[in-house]
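Visitor: Build me a structure from this.
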Amino acid sequence: MKLSAKQFLAKHNDKTLKLAFVGMSNIGKSYTAKRFADHFGYTLIEVDKMIWERLGHDDMDEFADWQGHPYEEGYAEREALSIEMETHATDKAISQSEGATILDTTGSVIYVSPILRRKIKEQFYVVHIKAEMSDLERLKWDYFDNPKPLIWGRQYRPKPNLTDRENIFECYPKLLMSRAKEYVSMADVTVTSKFVLDPDLTEDDLLAAIKPSR
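Guide: Here you go, the predicted model:
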């Protein structure tokens, strides 16, 4: 959604602004979206939560366990089903958004249908939380230590001489780079994960950073 700084602040002040956060899993989207929503009184819609509740799971960990890893048997089928459910959940979330809303998308929002991605761009002011190369080590370990469902698409290409974990670490940078351009293409503004995770950052600082420059 293309907005001037004046239009952005007017919508924010009259509670009609719709924001969507996009970026990699574990990059700080949900943390930032919840913090912004709680402080400024926005309605928060979490697409991941809509999916795991549809599956009958109680939390994100169960969802991540269900989807599993790309080297496990049946992963490709679960990945395809996950994208199908995400497309349905994202469409439902868009239709439910009224007034001041934050759409907390999944990291795999780039895999939903082009029609839905266009709807997000047209109806929401899209904030991209960028993963930098300095985030890479944390993100690779978080994949195992703080698991969230992750769609690999065609970016998991294992080498026979490596262990499963080594192949994940080998392929993750390629996944990161392949997604970066897609997130940018959706976004109205980009901020870094380092910025949003700074403990000294205030909600007003965040608002100022995502506001259009002119």
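
Visitor: Provide the secondary structure category for the residue lying farthest from the centre of the chain.
Guide: Distance from the C-alpha centroid of the chain, by CA atoms, centre = their mean, peaks at N161 (32.4 Å). Counting by DSSP: H, G, I helix; E, B strand; the rest coil, the backbone at N161 sits in coil.

Visitor: That one: what's it in contact with?
Guide: Not one residue lies near N161 by CB atoms under 8 Å, 6 or more residues apart in numbering. To be clear about C-beta, it is placed using only N, CA and C from the backbone, and glycine gets the same treatment.

Visitor: Look up how far Y143 lies from it.
Guide: 21 Å (CB to CB, to the nearest Å).

Visitor: what about the helices in the protein?
Guide: Along the chain, the segments classed as helices by DSSP state H run 5-13, 29-40, 47-54, 60-67, 75-96, 114-123, 136-145, 164-186, 193-196, 203-210.

Visitor: And for the fourth one, what's in contact with it?
Guide: Residues outside helix 60-67 that contact it (CB under 8 Å, 6+ apart): 48-49, 51-52, 55, 57, 75, 78-79, 82, 147-150.

Visitor: Same list (the helices of the chain) but as CSV, adding mean pLDDT, distance to R154 and mean neighbour count.
Guide: What follows is these, written out as CSV (pLDDT from 0 to 100; distance: least, CB to CB, whole Å; neighbours: other CB atoms under 10 Å):
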stretch, mean pLDDT, distance to R154, mean neighbour count
helix 5-13, 97, 37, 14
helix 29-40, 96, 23, 19
helix 47-54, 89, 22, 19
helix 60-67, 88, 17, 17
helix 75-96, 93, 11, 16
helix 114-123, 94, 18, 14
helix 136-145, 87, 18, 15
helix 164-186, 91, 8, 16
helix 193-196, 95, 25, 20
helix 203-210, 97, 32, 15
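
Visitor: Could you export those as TSV, including distance to A20?
Guide: Formatted as TSV, these follow (distance: least, CB to CB, whole Å):
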stretch	distance to A20
helix 5-13	14
helix 29-40	9
helix 47-54	10
helix 60-67	19
helix 75-96	9
helix 114-123	5
helix 136-145	21
helix 164-186	8
helix 193-196	15
helix 203-210	11
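
Visitor: and of these, who's closest to V22?
Guide: Smallest distance to V22 across the helices of the chain (CB to CB): 5.2 Å, for helix 164-186.

Visitor: then that closest one to CSV, C-alphas only?
Guide: The C-alpha coordinates for helix 164-186 follow below in CSV (Å, rounded to 0.1, in the frame of the first residue of the first chain):
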residue,chain,number,x,y,z
ASP,A,164,21.5,-34.0,8.1
ARG,A,165,22.4,-31.1,10.3
GLU,A,166,25.4,-30.2,8.2
ASN,A,167,23.2,-30.2,5.1
ILE,A,168,20.7,-27.8,6.9
PHE,A,169,23.6,-25.5,7.8
GLU,A,170,25.0,-25.7,4.2
CYS,A,171,21.6,-25.0,2.5
TYR,A,172,20.3,-22.3,4.9
PRO,A,173,22.2,-19.4,3.5
LYS,A,174,20.9,-20.2,0.0
LEU,A,175,17.3,-20.2,1.4
LEU,A,176,18.0,-16.9,3.1
MET,A,177,19.2,-15.3,-0.1
SER,A,178,16.5,-16.7,-2.3
ARG,A,179,13.8,-15.4,0.0
ALA,A,180,15.3,-11.9,0.5
LYS,A,181,14.4,-10.6,-2.9
GLU,A,182,10.8,-11.9,-2.6
TYR,A,183,10.3,-10.1,0.8
VAL,A,184,11.7,-6.9,-0.6
SER,A,185,9.4,-7.1,-3.6
MET,A,186,6.4,-7.2,-1.2
